[in-house]
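# Next input, structure requested:
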Amino acid sequence: ERKEVQSLYGSFNLGYKGMLYLDGTARNDWSSTLNDPFFYPSGTVSFVFSELEALRGNKYLSFGKIRFGAAIAGNDTDPYTNDYYYSYISNFGDMAMYSVPGTLANPQLKAEKTQSVEVGTELMFLNNRIGLDVTYYDEASIDQILAVAISGASGYGFKAINAGKITNKGIEVMFRATPVQTKDFTWNLSLNFTKNKNEVVELAPDLDVYQLASGPFNVSVNAQVGQPYGTLIGSSFVRDADGNKIVGTNGKYLIGEVKEIGNVMPDYMLGFWSTFNYKGIELAALIDIRQGGQLFSTTNMWGRYSVILEETADVNANGKNVRDAVEDGGGVLSEGYYGKLAADGSVIYLDADGNTSATPVSNGTYVDAEEWGGWHYDGPAEQNIFDASYIKLRELRISYSIPSKYTGPIQ
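Take a look at the predicted model:
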C-alpha cells in the first residue's frame, strides 16, 4: 500500500509584556486517499496573571497562568478508499491474480474532523515547590469514515461513507511537589489524574451499532449510539428481577439475550511518580492505576474449557478436588437459582427436581469439572467478562549521576 500527503502549514506567536500571549497554527493537507484538500487551524490565548504588578514578588504564588484554546484536527483514511482499484493477490503460475475489493469506494469522501476547545490553569507555589496544572476539554469528532454494510446485490459488502459523531469531555489534573529539599537530599513527586466521558452521539442513518472488531466466539467491540465507544456485545446471563443468575437443573447457566455486557473505557486513570535523590543516587518508582472498564478474556474461556487453569483443580465446598467424580463429592457448583425462561422472557423458579417453585431455590447441583469448563465456551459470553481495573508498579529504577567535575572537558 502507498499513500502520500503533501502539506502547507504555518504558525505565529504574539506576546505582550511577558503576560499575554496569542498562538496560532494553520495547516492544509492534500492526501492521495481523498479527492479534496482539507484545512484545519488552531488558536490559544494565555494570560500569565502572576506578572501583574500587584502579584509580583508574592511569597506564596510563584507563577500563575490561565489559558483558552480551540482547534480543528483533520485526518484522512486508508489508501484506495476514494477510487476503484484492483487488489493484487498472488501469482497462479506465471499469471498475476487480482480481485475487486469488498468495500465500495467513495470519491466524495471528506476528511474526518475533530473540533475541540479547552480551558486550563497552571499554578506554582512556594518558590515552585508545589505545582498544579488543570485542564478541561470538550471534543467532537465528526464526518468519521466508516465502512457500512450495503446490499450484496451491489456486488460489494460495504461502502465507505462519512458519518457519525463522537464526543469526549474530560478533565486532566497534574499535581507536582517537592516535599523535601536539602543540600544532599531531594524528594520529588507528581500525580496525574485523567477522567474522560465518551459518547457515541450518532452513526450513519438507520445505524445504531457499528462493529469495530469481532472477538473470537460470540463477542464483539462496537460503537453504539448513546453508549461510550468500545461497547462489548455478547450473550448474557439470564437474571431474575433482583439480578441473581439463573441456572438449569443441570447446573448450567441459561443463555440470555445478546446485548451490552461491558465497555472497554475506564472510569479514570491515575499515575503516581516519586523520586528520591541522595548525593546523585536516585530511586524512582511509577505506579499506574486504572479504574473501571471491562475486558473479554479468551484466556479464561479456553483455560477453563481445557481444564488447565488453577481454579479447575481447586477444592470445592465438600472438601474434595473439583476434578474428582461428582458421586465421590467432587465437581463444581455454579452460583445461582434454579429456573427457566417463560414465553414472555420472564423467569420461572424451579426446585432441584425441575418442578415450579414459588420461591427461588439456590443451586445445589455439582457438575463434572470438565463439563463445567466446556460451558465457558458454549455458555453465556458474559461469564468471560472481567473488570479491567488494575494497580501496577510500572517502573522501579535506581540510578547514579556522575558528578560533573568528573565528566567535564579534559584540561
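
# When you work out contacts or count neighbours from here on, use the C-alpha atoms and nothing else.
Fine.

# For the lengthiest helix in the chain, buried residues please.
In the chain, with assignment by DSSP state H, the single longest helix is helix 369-378. Buried residues in helix 369-378, counted by 16 or more other C-alpha atoms under 10 Å: Ala369, Glu370, Glu371, Trp372, Gly373, Gly374, Trp375, His376, Tyr377.

# next helix or strand past that helix?
strand 385-387 (DSSP states H and E).

# Would you mind pulling up the elements that that following strand packs against?
strand 294-296 (3 or more C-alpha pairs under 8 Å, 6 or more residues apart in numbering; DSSP states H and E).

# Parallel or antiparallel, which strands does the strand it packs on pair with?
Sheet pairing for strand 294-296, assigned by DSSP bridges, gives strand 385-387 (antiparallel).

# sorry, back to before: figure out how far the longest helix of the chain is from the centre of its chain.
29 Å (C-alpha atoms, centre = their mean, to the nearest Å).

# How about stretch 197-210?
With C-alpha atoms, centre = their mean, you get 17 Å for stretch 197-210.

# Could you list the buried residues of that stretch?
Buried, per 16+ other C-alpha under 10 Å, within stretch 197-210: Lys197, Asn198, Glu199, Val200, Val201, Glu202, Leu203, Ala204, Val209, Tyr210.

# just those residues now: which is nearest Phe272?
Ranked by distance to Phe272 (C-alpha to C-alpha), the buried residues of stretch 197-210 are led by Lys197 at 21.8 Å.

# Where in the chain is the helix or strand with the lowest mean pLDDT?
helix 404-407 (a mean of 81; mean pLDDT, DSSP states H and E).

# Show me the contact partners of that helix.
Residues from elsewhere that reach helix 404-407 (C-alpha atoms under 8 Å, 6 or more residues apart in numbering): none.

# Pull out the buried residues from that helix.
Buried residues in helix 404-407 (16+ other C-alpha under 10 Å): none.

# what's the answer for stretch 286-297, then?
Those buried within stretch 286-297 under the rule 16+ other C-alpha under 10 Å are Leu286, Ile287, Asp288, Ile289, Arg290, Gln291, Gly293, Gln294, Leu295, Phe296.

# which residue is nearest the centroid of this protein?
Residue closest to the mean C-alpha point of the chain, counted by C-alpha atoms, centre = their mean, is Met265 at 4.1 Å.

# Would you mind confirming that that residue is in contact with Arg290?
No: the pair Met265 and Arg290 fails to qualify as a contact (C-alpha atoms under 8 Å) at a distance of 10.0 Å.

# burial measure for Glu327, as a count.
Per other C-alpha atoms under 10 Å, the neighbour tally for Glu327 reads 10.

# would you say it is within a helix?
Yes: Glu327: assigned to a helix according to DSSP: H, G, I helix; E, B strand; the rest coil.

# And it, what's its pLDDT?
Listed pLDDT for Glu327 reads 92.

# I'd like the distance between Leu22 and Lys159.
43 Å (C-alpha to C-alpha, to the nearest Å).

# Run through the strands of the stretch 51-200 of the chain in chain order.
61-75, 87-92, 95-99, 103-104, 112-125, 130-149, 158-181, 185-202 (DSSP state E, counting those that start in this stretch).

# Nearest to Arg2, out of those strands?
Of all those, strand 87-92 sits nearest to Arg2, with 12.5 Å by C-alpha to C-alpha.

# Check which strands are paired with that closest one and give the direction for each one.
Partners of strand 87-92 in the sheet, by DSSP bridges, are strand 95-99 (antiparallel).

# what's the lowest-pLDDT member of the buried residues of stretch 197-210?
Ala204 (88).

# Quick one, grab the pLDDT at Ser90.
So Ser90 comes in at 85 (pLDDT).

# Check Lys59 too.
Value for Lys59, per-residue pLDDT: 86.

# Which residue is the nearest non-sequential neighbour of it?
Nearest non-adjacent residue to Lys59, counting by C-alpha to C-alpha, 6 or more residues apart in numbering: Leu126, 6.5 Å away.

# Brilliant, that's me finished.
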